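> Fold the following and give me the result.
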Amino acid sequence: MPNWGWRAWNAQRVNTPGSWLATRHHSSAEVDRLMVAGGDTLYVPLGFGSPISALDGATGEVLMTYENTAGMLECIFVDGLLVTRHDHPTPAITATRAGDEKVVWRREADMTVGRSLCAAGGRVFFHTRRALIAIDVLSRSARVQRVFS
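Next up, the predicted model:
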């Protein structure tokens with residue numbers, strides 16, 4: 001994969017004194033949250049900032065690419081949905097049906113805390129700096145569990 005790791009970093013910024021912090025934000029600290037499996041399919045971006053591709057788990061063949069997932073920061077697979085977290089252009093959690101790329105729901109939110117996206121009991125959970133939020137996967141209804149002061 002040519003667009004991962006150090007190859008994805010801008011060489012000019014890396015070689016410019018005092019620019020390390022700017023470069024650091026162009027790599028994902030949550031790279032372990034970018035790959036999920038559902039059945040015999042592996043869902044993973046094939047380059048830094050690239051959209052998720054569905055790969056056949058046995059052959060590695062690309063089955064489908066989900067263009068709306070480009071730039072996502074973390075992903076989970078629940079009930080046939082790829083649920084992704086984006087921070088740009090606006091912070092949001094998006095559920096895309098894995099079978100046909102259809103966006104089932106999208107929830108804009110305050111900046112979501114990294115590594116908080118998870119699912120259990122037919123709900124997707126995440127937290128912002130102000131609240132813990134649960135979204136029912138089927139009804140799409142959201143419930144704020146607790147608002148932090």
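> can we go C-alpha only for contacts and neighbour counts from here?
Fine.
> Spit out the contact partners of residue 42.
Neighbouring residues of residue 42 by Cα atoms under 8 Å, 6 or more residues apart in numbering: 35-36, 54-57.
> Okay, and the nearest residue to it once chain neighbours are set aside sits in which element?
Nearest residue to residue 42, sequence neighbours excluded (Cα to Cα, 6 or more residues apart in numbering): residue 55, at 5.1 Å. Applying DSSP states H and E as the criterion places residue 55 in strand 52-56.
> Show me what that strand is packed against.
Applying 3 or more Cα pairs under 8 Å, 6 or more residues apart in numbering; DSSP states H and E, we find strand 52-56 packed against strand 41-45, strand 62-66.
> Return the helix or strand in this structure with minimum mean pLDDT.
Using mean pLDDT, DSSP states H and E, helix 20-24 stands out as the lowest-scoring helix or strand of the chain, at a mean of 43.
> quick check, distance from the next helix or strand after it to the centre of its chain.
Elements were assigned by DSSP H and E; along the chain past helix 20-24, the next helix or strand is strand 36-38. Computed by Cα atoms, centre = their mean, to the nearest Å, the chain-centroid distance of strand 36-38 equals 13 Å.
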